[in-house]
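>>> Predicted coordinates and the sequence they were generated for:
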Amino acid sequence: MRRLLVLGAGTAGTMVANKLRRRLDRDEWDITVVEQRDRHYYQPGFLFIPFGAAPATAFRPTGSLLRSGITLRRGEIDRVLPAESEVLLAGGERLPYDQLVIATGVEPRPDQTPGMLDPDRWRRNVFDFYTYEGAVALSHALRRFPGGRLVVHVTDLPIKCPVAPLEFAFLADAWLRERGMRDRVELVYATPLAGAFTKPVAARHLGAMLDERKIALEPDFLVERVEEHRLVSYDDREIAYDLLVTVPLNMGAEYVARSGLGDELNLVPVDRHTLLSTAWSNIFALGDANDLPTSKAGSVAHFSVEVFVDNFLQHVRGEPMTGRFDGHANCFVESGAGRGLLIDFNYETEPLPGSYPLPGVGPFRLLKESPVNHWGKLAFRWLYWNVLLPGRPVPLPAQMSMAGKHPEE
């Protein structure tokens with residue numbers, strides 16, 4: 001019996017385990033998933049909790065999402081021993097593997113920014129929404145907020161879903177307007193980027209949306225420390241705040257560092273097309289856990305897993321992997337008041353205007369706000385739980401297509 005070990009039962013880990021359980025002979029392959037948490041979180045749902053969404057809609061029991069024939073092992077991972085092809089758990093147990101998939105993602109690390117975790121500030125007037133607990137705490141803080149300066153802040157990249165901080169700023173603007181409070185709140189968006197987004201065309205569109213909403217953009221802001229009611233950058237710029245909504249530094253799991261498998265952010269270096277470790281021929285890293293030069297988004301996990309599964313089957317047969325992941329990502333961007341836009345891009349092509357997935361027909365509009373895009377984002381929750389995680393086929397190509405896109409003049 002050959003052994004496939006999957007570390008992490010998040011988006012990528014659950015999808016790949018379920019897809020491979022359908023494709024691998026049960027008499028030849030054992031599949032085990034190692035996960036410490038008993039809840040699987042729908043992380044895009046965290047964005048809506050501060051604005052009134054029910055927290056219970058953002059999670060389900062981990063075990064309920066894995067197909068029969070997959071073993072779920074509860075436990076904390078101490079380290080990977082790649083030379084021995086074993087994973088050491090915190091209690092001392094060793095799990096041998098023939099093939100290993102690392103899919104433990106990244107997590108916010110507020111401890112990496114001096115002053116951010118100060119108990120007089122953290123979850124008092126400094127909040128995150130990239131964790132379930134942070135989003136719930138922020139929902140209470142927003143309802144108590146009397147007005148003043150609300151700063152939405154990104155510490156550094158890469159982060160999970162790089163459009164989410166912009167979405168939060170747009171939704172905060174709409175939420176404040178609905179409550180007749182917008183004229184009592186100064187909204188500021190502080191980012192280490194030179195503009196609103198990483199790609200020029202999208203940065204222009206998203207930057208214009210900030211301007212329309214009178215949300216001040218503070219670009220090139222690299223925070224050095226958090227002090228009482230102010231952020232201080234490495235070049236000694238300061239941004240005052242009454243309420244700070246921050247995205248802390250995102251890092252991979254600590255066991256990756258202990259295993260000697262990661263870079264300075266505990267991300268596993270992989271081949272950008274096959275997701276195979278650059279150091280070990282029986283280790284892959286999927287989802288947010290790798291160092292791919294693309295967005296750390298659920299769509300990247302989905303599209304890359306589609307390519308990975310066929311590659312993996314070739315790999316374990318001793319054949320060359322012929323599939324090539326192209327960095328395809330697409331993200332719905334909530335813009336408030338029941339509207340949103342969509343971006344679709346890959347390693348080589350930046351987000352462009354147009355329609356998706358069908359040229360002219362859409363129904364989704366690229367880089368253009370519409371109610372249909374908003375409903376698409378809301379509908380994705382159902383798709384996530386009922387199609388993507390179970391590993392069912394999705395009628396969308398994993399490779400990005402230029403159909404329906406057109407360059408800006």
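Great, that's in hand. Numbers count the residues shown, from 1 in each chain.
>>> quick one, phi/psi of residue 315?
Backbone torsions of residue 315, given as degrees, to the nearest 10, read phi -60, psi -50.
>>> Count the residues that sit near it.
Look at residue 315: counted by other C-beta atoms under 10 Å, it has 18 neighbours. (C-beta placed from N, C-alpha, C; glycine too.)
>>> Name all residues that make contact with it.
By C-beta atoms under 8 Å, 6 or more residues apart in numbering, residue 315 lies in contact with 99, 276, 321.
>>> State the distance from it to residue 84.
As judged by C-beta to C-beta, to the nearest Å, residue 315 and residue 84 stand 20 Å apart.
>>> Same check on residue 38?
Separation of residue 38 from residue 84 (C-beta to C-beta) stands at 29 Å.
>>> Would you state the helices of the stretch 1-150 of the chain in chain order?
Along the stretch 1-150 of the chain, counting by DSSP state H, counting those that start in this stretch, helices occupy 11-23, 132-144.
>>> residue contacts, the residue nearest to the spatial centre of the chain?
In the chain, the centroid-proximal residue (C-alpha atoms, centre = their mean) is residue 160; its distance is 3.1 Å. Each residue near residue 160 by C-beta under 8 Å, 6+ apart is listed here: 43, 105, 106, 130, 250, 288, 296, 297.
>>> List the ones among these that fall in strands.
Members of those lying in strands (criterion: DSSP state E): 106, 250.
>>> Make CSV from the contacts of residue 160 and add neighbour count and distance to residue 92 to it.
Output for the contacts of residue 160, formatted as CSV (neighbours: other C-beta atoms under 10 Å; distance: C-beta to C-beta, whole Å):
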residue, neighbour count, distance to residue 92
43, 23, 31
105, 21, 25
106, 21, 27
130, 22, 32
250, 25, 30
288, 29, 28
296, 22, 32
297, 22, 36
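>>> do you know how far the residue lying closest to residue 268 once chain neighbours are set aside is from residue 108?
Among residues not flanking residue 268 along the chain, residue 285 sits closest, at 3.7 Å (C-beta to C-beta, 6 or more residues apart in numbering). From residue 285 across to residue 108, the span is 19 Å (C-beta to C-beta).
>>> what about the two, which has more around it?
Neighbours around residue 285 and residue 108, counted as other C-beta under 10 Å, are more numerous at residue 285. The numbers are 28 against 21.
>>> Phi and psi next, for the more buried one.
Phi and psi for residue 285, reported as degrees, to the nearest 10, are phi -130, psi 130.
>>> hang on, it packs against residue 278?
No. Counting by C-beta atoms under 8 Å, residue 285 does not reach residue 278; the two are 9.9 Å apart.
>>> Now list whatever residues contact both of the two.
Common neighbours of residue 285 and residue 278, using C-beta under 8 Å, 6+ apart, are residue 270.
>>> Give me the three-state assignment for residue 171.
Here residue 171 is recorded as helix under DSSP: H, G, I helix; E, B strand; the rest coil.
>>> Let me know the pLDDT of it.
At residue 171, the predicted lDDT confidence score is 98.
>>> Run a quick neighbour tally on it.
Residues near residue 171, counting by other C-beta under 10 Å, number 18.
>>> Can you pull out the low-pLDDT segments for this structure?
Along the chain, segments meeting pLDDT under 70 span 408-409.
>>> per the record, what domains does it have?
2-105+253-316, 110-249, 329-388 (automatic domain parsing).
>>> possible to save the ones you listed as JSON lines with distance to residue 400?
JSON lines is the format used below for these (distance: least, C-beta to C-beta, whole Å):
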{"stretch": "domain 2-105+253-316", "distance to residue 400": "8"}
{"stretch": "domain 110-249", "distance to residue 400": "13"}
{"stretch": "domain 329-388", "distance to residue 400": "4"}
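>>> where do the strands sit along the stretch 251-400 of the chain?
Per DSSP state E, counting those that start in this stretch, the stretch 251-400 of the chain carries strands over the ranges 283-285, 329-336, 339-345, 354-358, 362-366.
>>> Of the ones you listed, which stretch is the most buried?
Across the strands of the stretch 251-400 of the chain, averaging neighbours per residue (mean count of other C-beta atoms under 10 Å) puts strand 283-285 on top, at a mean of 26.
>>> by contact count, what packs against that one?
If contacts are counted by 3 or more C-beta pairs under 8 Å, 6 or more residues apart in numbering; DSSP states H and E, strand 283-285 sits against strand 99-102.
>>> and the closest residue to residue 129 other than its chain neighbours, how far is that from residue 237?
Nearest residue to residue 129 in three dimensions, chain neighbours excluded: residue 135, at 4.4 Å (C-beta to C-beta, 6+ apart). From residue 135 across to residue 237, the span is 28 Å (C-beta to C-beta).
>>> now swap in residue 128 and tell me
For residue 128 relative to residue 237 (C-beta to C-beta), the value is 22 Å.
>>> So for residue 360, what's the nearest residue that isn't a sequence neighbour?
Among residues not flanking residue 360 along the chain, residue 404 sits closest, at 6.8 Å (C-beta to C-beta, 6+ apart).
>>> and the one you found, how many neighbours does it have?
Neighbour count for residue 404, taken as other C-beta under 10 Å: 20.
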